[in-house]
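# Here's a sequence, model it:
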Amino acid sequence: MTVTPAHDHFDLVVIGAGPAGEKGAAQAAYFGKRVCIVERAPRPGGAMVNTGTIPSKTLRETALYCSGFRQRGLYGFDLRVKSGITLADFMQRERSVIETEWELIAENIERHRIATVQGTARFVDARTLEVVRYGVAPRRLTADVFLVATGARPAPPHGFALDGEVIVDSESLLTIQRIPSSMIVVGGGVVGCEYACMFAALGVRVTVINERGRLVSHLDPDVSDALRRSMTARLGVTVYGHAEIGAVEIEGRRVAVTLGDGTVIAADLLLVATGRVGNVAGLGLEAIGVRTDARSFVQVDTNYRSALPHVYAAGDVIGFPALASSSMEQARVAVCHAFELRYKRAVSSILPYTVWTIPEIATVGESEESLLARDVRFEVGRASFRTNARGQMIGDVDGFVKLLFEPQTQRVLGVTIVGEGACELIHVGMTVIALEGTLDFFIQAAFGFPSLGEVYKYAAYDGLQQRQRRRTSLRDLPMARRETAPDGIS
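Take a look at the predicted model:
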């Protein structure tokens, strides 16, 4: 239900009803501010609900369930998706989840008595927003503070165009009418790898073309290596690294990609997943002095304030990390700063980063690369799902937990998990890091048995053993060499 505003001036006008827009608006309304959300789509939720996070993750779970992927080879039989099944068959569950999310968001907006206006927004001056909707007279809104939360969209490909049928991006992919027998994914980042894994689990022959040498290259090299092994060995995905695209041609209902070295790859579908750009086209930000970067992301300070002091921005529209969880917190912090509310003053520095590939990937805190870059001493503890009873039961013997910790105090600095349940397990490590806990928490804790959580304990044991071995080896060195030995760096 839309709340009809009594007048067109508000304390806060939010542009976009995605996770950042909804939570930022609710935060201000909670403290008694008059708030209006402008959303051009007929339903709230942004990319998180309508085209991105929830649809793709629901599709992933449906694919794993219907294909029997998790049970393949465990009980003496092998399941496969029945022939002739369409993507629409898999999207039934997705539709149910999305409709529930729409209802929950609408209830939250109504509960906080937030006004809503549907239409496309454009700044006509620094204090006035014009909202246009087909068949309806333009409407102007003024506000003391504006929050831009318009999200991001897939970056367009270079050198060829999308057609929505044979060549698609991550949004139009969800509207295709059939499951292809073969598929090319351009891009080895998070989105590309997630969809490559999902469709490979359905039995689709998938080829990934990545211009970089590593998949998900911004993550720990151990993670990249583990993901590539799983994708190639378990899912049958073919990966081309350090690859450049020379040409893309549509031939009937198929597409052919020619690489820089002359290799030609043909498939039924081409997914372009080469990053995202800020969704600010037509908003008129430049005219009022709000700066954006080369990828159209709004530039903000640590309080999410743009170059124009009363205009804030949060969520995917400001770029990395572009997570729903961080977007919500950014918007809350922005609103609290804008209205000088003594409530939420900063986004937590301990944010879990989750990737829904097969296997799942999750990290929190520091990585080896970030610590080495700052010359911070650390030790590493590892434990495999292979040595865990629960891991054996579910057939995930390649998963692992990796703990980074300070050698002297044993304070946990970072956690990386690859494997089934990683995106849930990571929150244990997140809590310990946030509380500045040490390996002793894992050593002293009694984890349920059999559970994957127990892997934390054995990673901690391994870390202590690694530290002890290093200390022992240093004591055996001559004094001159001992003084220069790199204590605590693994």
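# Do you have the helices of the stretch 151-300 of the chain handy? List them.
Using DSSP state H, counting those that start in this stretch, the helices of the stretch 151-300 of the chain run over residues 190-201, 221-229.
# List the buried residues of the longest strand along the chain.
Longest strand in the chain, counting residues (DSSP state E): strand 136-148. Judged by neighbour count using 16 or more other CB atoms under 10 Å, the buried positions of strand 136-148 are 139, 141, 143, 145-148. For every residue, glycine as well, the C-beta is placed using N, CA and C.
# In TSV, list the residues you listed along with distance to Ala26 and pLDDT.
TSV is the format used below for the buried residues of strand 136-148 (distance: CB to CB, whole Å; pLDDT from 0 to 100):
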residue	distance to Ala26	pLDDT
Arg139	23	94
Leu141	18	96
Ala143	16	97
Val145	15	98
Phe146	16	98
Leu147	12	98
Val148	17	98
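# what sits against Leu371?
Going by CB atoms under 8 Å, 6 or more residues apart in numbering, Leu371 touches 378, 404, 413-414.
# before we move on, the earlier item: which of the buried residues of strand 136-148 sits closest to Gly32?
Val145 (14.0 Å; CB to CB).
# ok, now which ones touch that closest one?
11-13, 310-312, 335, 338-339.
# cutoff 7 Å now
11-12, 310, 312, 338 (CB atoms under 7 Å, 6 or more residues apart in numbering).
# Which one of those sits in the busiest neighbourhood?
Tyr312 (30 neighbours; other CB atoms under 10 Å).
# Can you tell me how far it is from Thr274?
Distance, Tyr312 to Thr274, by CB to CB, to the nearest Å: 29 Å.
# and if you look at Pro157?
Where Thr274 is concerned, Pro157 sits at a distance of 7 Å (CB to CB).
# neighbour count winner among the two?
Neighbours were counted for Pro157 and for Thr274 using other CB under 10 Å; Thr274 has more, 21 against 18.
# Need the distance between the two termini of stretch 260-268.
Using CA to CA, to the nearest Å, the span of stretch 260-268 from its first residue to its last is 21 Å.
# Can you give the contact residues for that stretch?
Against stretch 260-268 from outside (CB under 7 Å, 6+ apart): 180-184, 207, 244, 246, 253-258.
# and it, which residues are buried?
265, 267-268.
# now stretch 455-474
So for stretch 455-474, counting by 16+ other CB under 10 Å, buried means 455-460, 462-464, 466-467, 470.
# Also stretch 391-411?
Result for stretch 391-411 [16+ other CB under 10 Å]: buried residues 391, 394, 396, 398-407, 410-411.
# Equivalent analysis for stretch 40-54, please.
So, applying 16+ other CB under 10 Å, buried residues of stretch 40-54: 40, 43-54.
# for stretch 322-334, same thing?
Using 16+ other CB under 10 Å as the test for burial, stretch 322-334 gives 322-324, 326-334.
# could you dump these to CSV with pLDDT?
Below are those laid out as CSV (pLDDT from 0 to 100):
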residue, pLDDT
Ala322, 90
Leu323, 90
Ala324, 91
Ser326, 94
Ser327, 95
Met328, 96
Glu329, 96
Gln330, 97
Ala331, 97
Arg332, 97
Val333, 97
Ala334, 98
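# Out of those, which is nearest to Ser96?
The closest of the buried residues of stretch 322-334, once distances to Ser96 are taken by CB to CB, is Ala324, at 19.4 Å.
# residues touching that closest one, list them.
Per CB under 7 Å, 6+ apart, neighbours of Ala324: 19, 48, 53.
# mind listing which of those are in helices?
Within the contacts of Ala324, residues falling in helices by DSSP state H are 19, 48, 53.
# closest to Ile288 among the buried residues of stretch 260-268?
For these, the nearest to Ile288 is Ala267 (44.9 Å; CB to CB).
# Bridged to that closest one, which residues?
Beta-bridge pairing for Ala267 (DSSP bridges): Val255.
# can you check the one 10 residues further on too?
Following DSSP bridges, Val277 is listed with bridge partners Arg153.
# Next, count neighbours for it.
Residues near Val277, counting by other CB under 10 Å, number 20.
# who's in contact with it?
Applying CB under 7 Å, 6+ apart, the residues contacting Val277 are 152-153, 155, 295-296.
# And for Pro19?
46, 48, 315, 324, 327-328.
# now do 8 Å
By CB under 8 Å, 6+ apart, the neighbours of Pro19 are 45-46, 48, 315, 324, 327-328, 331.
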